[in-house]
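Asker: fold the following, please.
(one chain, ligands or ions: 1)
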Amino acid sequence: MPIALPDLSTVLDEAVKDFTASNPKSKAINDESVACLPGGTTRNVIHMKPFPIVQARGEGSYLTDVDGHKYLDLCAEYSACMFGHSHGTIKKAIYDAVDNTGFALGAVNQYEGRLARLFCERFKTMDKVRFSNSGTETNMTALALVKAYTGRSKIIVFEGGCHGGLATFSSQSSMNMKSSGKRTMNAPHDWIVVPYNDIPALQTAVAEHTPDLACIFLELMQGSSGCTPANADFVKACRSLATAAGAVLFFDEVMTSRMSIHGYQHLLGVYPDMTSLGKYFAGGGQNFGAFGGRADIMNMLEPGYSSPCPSGGGGVYHSGTFNNNVTTMATATAVLEQLWTTEDKAKDLFDKGVWLREELNRLAAKHRARMNVTGTGSLMAVHFFTTGANGGGGRDGNAGAEAEVEVEDEALKELFFFDMLGKGFFLARRLMISLMTITSREELRTFVQAVDESLSERAEFVGLDYS
Ligand code: PMP
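Answerer: Residues are numbered from 1 along each chain as shown. Sure, this is the predicted structure:
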């Protein structure tokens, strides 16, 4: 006898109703702000239905919202808050900089050169580096530089890639969006969008566009679209094809650089010509972006640059009022000198993520659930599928496996999100998890237990045996 399925949309409606009833202050703030602020937030990614939660305070691994609920924070500001909230070292760096230096000086300050040296020592592919205000800005600036350097205009990117609000190639559903399908916010570059982890497709694209190919631009694990690691052979193919085509290989390590203190490129052993960084380097306390790479490319930013570059063009002007913002420079210096100092720290964080992902995929197998957790090291995403099996098929961090993503079940994802909120765990709405260095395995075990309970409680929706 087939088992009759209860109605998922009714259960989801109830979850939304419960959420609304228990978050009256968040609702009131949102009701007021939507009149002037689309969606009640200035970041679409943090919007959620029926309204976004308003967090009141972050301390250590926890967030407390305006209605007084406390959450173990597994979102960690989408990976920027990697050292935990209100970290003493970060706070001190900010306060000291303000006390001793001030805010913005309209001049070179004492931090920026020292910080640049720290980055160049860390990243062997960075002969020189420049700073900016975000990952998006950094990528946009560096791409313009690469185009000027090569004198070519085409940029190969990959389906599912996210390089910030002006260069996103993921499906809109992974961004919690309904849309016309057009990527209208993307910068008007000459993008060539190729399937990720698909070497033959990449070979074809490179062959077709070689004379005008400026660069191959990729994430080593696609973060925002669902934590899909690059296959190691694919990354190597990117390297050799870029070299053969006379194009620049550009790694967006805004998210993935945390896999090692020298970036994920160091673990993979494949090195780019240009790298972009962002997120956690200013501890989540300040805006941050950086791009750096080969001296012959970066030298185009030298004032008075006159050497010939492949394009035969002149130098490139890069400036920005807050590029050397005092508190950002000071905070990032403190992070590199005091917090993110040795490889064992990066390995601890990486291993904690591998362990958590294995635990979650073990639960998927135990419950025969239509759930799968993908990712690399301390970055991962929980998926629920409408069809097909994948209990226990988690992918690990060594860029080994192909993506196996089937059709995501958005309703199940939403239900899981509300279930986790109700149990005291704050994930990114798209079910991305980003671990902090300070979150303990004991704390994470409480999350594993909550997922175990949830998969039991929702067995009729998530269990393969019920479909
Ligand atoms: N690159 C990657 C890989 C990212 O994940 C993001 C942010 N999600 C960005 C760039 C853009 O960074 P920001 O949000 O600081 O502009």
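Asker: can you tell me the SS state at residue 157?
Answerer: The local conformation at residue 157, judged by DSSP: H, G, I helix; E, B strand; the rest coil, is strand.
Asker: can you verify my assumption that it contacts residue 190?
Answerer: No - counting by Cβ atoms under 8 Å, residue 157 does not reach residue 190; the two are 10.6 Å apart. Every residue, glycine included, has its C-beta placed from N, CA and C.
Asker: show me which residues of the stretch 51-200 of the chain sit near the ligand.
Answerer: Applying Cβ under 6 Å from any ligand atom, we find that the stretch 51-200 of the chain lies next to the ligand at 78, 134-136, 139, 162-164.
Asker: from those residues, which two are the most distant?
Answerer: The distance between the two most remote of those (Cβ to Cβ) is 15.6 Å, for 78 and 139.
Asker: and those two? Which one has more around it.
Answerer: Neighbour tally, residue 78 and residue 139, criterion other Cβ atoms under 10 Å: the higher count belongs to residue 139, 25 against 19.
Asker: for the more buried one, which non-adjacent residue is spatially closest?
Answerer: Distances taken as Cβ to Cβ, 6 or more residues apart in numbering place residue 163 nearest to residue 139, at 4.6 Å, with adjacent residues excluded.
Asker: wait, that neighbour sits on residue 138?
Answerer: No - Residue 163 is beyond contact range of residue 138, at 9.3 Å (criterion: Cβ under 8 Å).
Asker: overlap of the contact sets of these two?
Answerer: Counting by Cβ atoms under 8 Å, 6 or more residues apart in numbering, the shared contacts of residue 163 and residue 138 are 254, 276.
Asker: residues of the longest helix along the chain that come out buried?
Answerer: Looking across the chain with DSSP state H, the single longest helix is helix 343-366. Within helix 343-366, the residues that count as buried by 16 or more other Cβ atoms under 10 Å are 346, 349-350, 352-354, 356-357, 359-365.
Asker: for the closest residue to residue 284 other than its chain neighbours, grab the count of nearby residues.
Answerer: Closest residue to residue 284 apart from its sequence neighbours, by Cβ to Cβ, 6+ apart: residue 81 at 3.4 Å. Neighbour count of residue 81, defined by other Cβ under 10 Å: 24.
Asker: which residue packs closest to the residue of the chain found nearest the ligand, ignoring adjacent ones?
Answerer: The ligand sits closest to residue 135 of the chain, with a gap of 2.3 Å, by Cβ to the nearest ligand atom. In this structure, residue 135 finds its nearest non-sequential neighbour in residue 278, 3.3 Å apart by Cβ to Cβ, 6+ apart.
Asker: again with residue 58
Answerer: residue 85 (3.0 Å).
Asker: residues contacting that neighbour?
Answerer: Residues in contact with residue 85 (Cβ under 8 Å, 6+ apart) are 57-63, 73, 284.
Asker: for it, what are phi and psi?
Answerer: Dihedral pair for residue 85: phi -80, psi 140, per degrees, to the nearest 10.
Asker: partner residues bridging it?
Answerer: Using DSSP bridges, the bridge partners assigned to residue 85 are residue 60.
Asker: where's residue 323, which helix or strand?
Answerer: For residue 323, there is no host helix or strand (DSSP states H and E).
Asker: was I right about it contacting residue 137?
Answerer: No - under the criterion of Cβ under 8 Å, residue 323 makes no contact with residue 137, lying 9.1 Å away.
Asker: which one of the two is surrounded by more residues?
Answerer: In terms of neighbours (other Cβ under 10 Å), residue 137 is the more surrounded of residue 323 and residue 137; the figures are 22 against 18.
Asker: quick check: that one is in a strand.
Answerer: No - under three-state DSSP, residue 137 sits outside any strand and is assigned helix.
Asker: residue contacts, it?
Answerer: 164, 289, 320.
Asker: which residue, other than its chain neighbours, is closest to the first one?
Answerer: Distance criterion Cβ to Cβ, 6+ apart; nearest residue to residue 164, sequence neighbours excluded, is residue 136 at 2.8 Å.
Asker: contact partners for the one you found?
Answerer: 163-167, 289.
Asker: kindly recompute the last result at 6 Å.
Answerer: Contacts of residue 136 were listed using Cβ atoms under 6 Å, 6 or more residues apart in numbering, and they are 164-166.
Asker: let's see which of these end up in helices.
Answerer: Using DSSP H, no member of the contacts of residue 136 falls in helices.
Asker: and the strands in the stretch 151-300 of the chain?
Answerer: Under the criterion DSSP state E, counting those that start in this stretch, the stretch 151-300 of the chain contains strands at 154-158, 190-194, 213-219, 221-222, 228-229, 248-252, 274-278, 289-293.
Asker: adding mean neighbour count and mean pLDDT, write those out as a markdown table.
Answerer: Listed next are those as a markdown table, based on neighbours: other Cβ atoms under 10 Å; pLDDT from 0 to 100:
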| stretch | mean neighbour count | mean pLDDT |
| --- | --- | --- |
| strand 154-158 | 24 | 98 |
| strand 190-194 | 17 | 97 |
| strand 213-219 | 26 | 98 |
| strand 221-222 | 26 | 98 |
| strand 228-229 | 28 | 97 |
| strand 248-252 | 29 | 98 |
| strand 274-278 | 28 | 98 |
| strand 289-293 | 28 | 98 |
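Asker: touching, the residue nearest to residue 139 and residue 141? I think so.
Answerer: No - with contact defined as Cβ atoms under 6 Å, residue 163 does not count as touching residue 141 (11.8 Å).
Asker: which one of these two is surrounded by more residues?
Answerer: The neighbour comparison of residue 163 against residue 141 (other Cβ under 10 Å) goes to residue 163, with 26 against 20.
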